[in-house]
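Participant: I would like the atomic coordinates for the input below:
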Amino acid sequence: MELVLDFGNTSKKIALFDAGNLVFLQHHPEIALETVRDFIENHPEITSCILSSVIHHSVSIDEFLVSRFPTLILDCSTPLPIHNGYKTPETIGKDRLAAAVAGAFCFPGKPVLVINAGTAITYDFVNPSGEYLGGAISPGMKMRFKALHTFTGKLPLVEYKETAEILGNDTENSILSGVINGIVGEMEAFATQIIAQYPELNIILSGGDLNYFVKRLKISIFAVTNIVLAGLHQILLFNVNKTP
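Facilitator: Here you go, the predicted structure:
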């Protein structure tokens, strides 16, 4: 059984994979050594671990993990099962890289675009040769709502609603239309441009805001939950199983 730790800005995730399947997932607003230690003590079947962190966490967590079993601390030098063609690999988000790895695993030998709709919306493309070529980053849904409220004098802070007509008949509905329909149009336009070069493109939609957009898109997609965790797991397996 493999342990996957994903320390993001908003949520810290503790996940367990067994025989390739995600069998346990826990979210924490903050993480401490005691939390990790207690979890591992309660799961003696863990054989290896990967830690991906975009926050400043206690180095004691790393030291504890390494002392218990083979542990991979993900960074820009970590060997990957895909070729990283990003011009500045030291700057790429670990979540984007993991999502690309998971996409390539889902569709080996085929072009794949992973759209991860979370705090930010990320677009990551892997070509049929297993080369990660980059993508795009744009503000996520909640970030757009908040920005309109924060950087204007009178626009209200709006939350998602199922109905977002293209012609909003009041200020709230106009914001809903601009944000929701704008994101849908952005996703479809980005995918369409890549399809022009790779007609056999496979598109994966994931992320915390997955369910807000999965039924709105008029392009063919595969909805996959927890794409980043799946990618981190594949990176771990690649490093644990590779021949020295």
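
Participant: For Arg68, which residues are in contact?
Facilitator: Contacts of Arg68 were listed using CB atoms under 8 Å, 6 or more residues apart in numbering, and they are Ile40, Ile46, Cys49. For the C-beta atoms, the positions are set from N, CA and C on the backbone; glycine is no exception.

Participant: How much space separates it from Ile40?
Facilitator: For Arg68, the distance to Ile40 (CB to CB, to the nearest Å) stands at 6 Å.

Participant: anything in contact with each of these two?
Facilitator: Residues within reach of Arg68 and of Ile40 at once, by CB under 8 Å, 6+ apart, are Ile46.

Participant: In what element of secondary structure is the spatially most distant residue from the centre of the chain found?
Facilitator: For the chain, the residue at maximal distance from the C-alpha centroid (CA atoms, centre = their mean) is Asn169, at 34.7 Å. Element membership for Asn169 (DSSP states H and E) is empty, with no helix or strand holding it.

Participant: And it, how far from His149?
Facilitator: Asn169 is 20 Å from His149, by CB to CB.

Participant: And for Asn239?
Facilitator: Remark: distance between Asn239 and His149 (CB to CB) = 44 Å.

Participant: which is the next helix or strand following the strand or helix carrying Val66?
Facilitator: Val66 is part of helix 59-68, with elements assigned from DSSP H and E. Remark: after helix 59-68, the chain's next helix or strand is strand 71-73, criterion DSSP H and E.

Participant: what does that following strand rub up against?
Facilitator: Residues outside strand 71-73 that contact it (CB under 8 Å, 6+ apart) are Ser48, Cys49, Ile50, Leu51, Asp62, Leu65, Thr78, Ile235, Leu236, Asn239, Val240.

Participant: Just the ones of those in strands?
Facilitator: Using DSSP state E, the members of the contacts of strand 71-73 that fall in strands are Ser48, Cys49, Ile50, Leu51.

Participant: Determine the number of other residues adjacent to the closest residue to the last one other than its chain neighbours.
Facilitator: Residue nearest to Leu51 in three dimensions, not counting chain neighbours: Leu5, with 4.5 Å by CB to CB, 6 or more residues apart in numbering. The criterion is other CB atoms under 10 Å. On that basis, Leu5 has 24 neighbouring residues.
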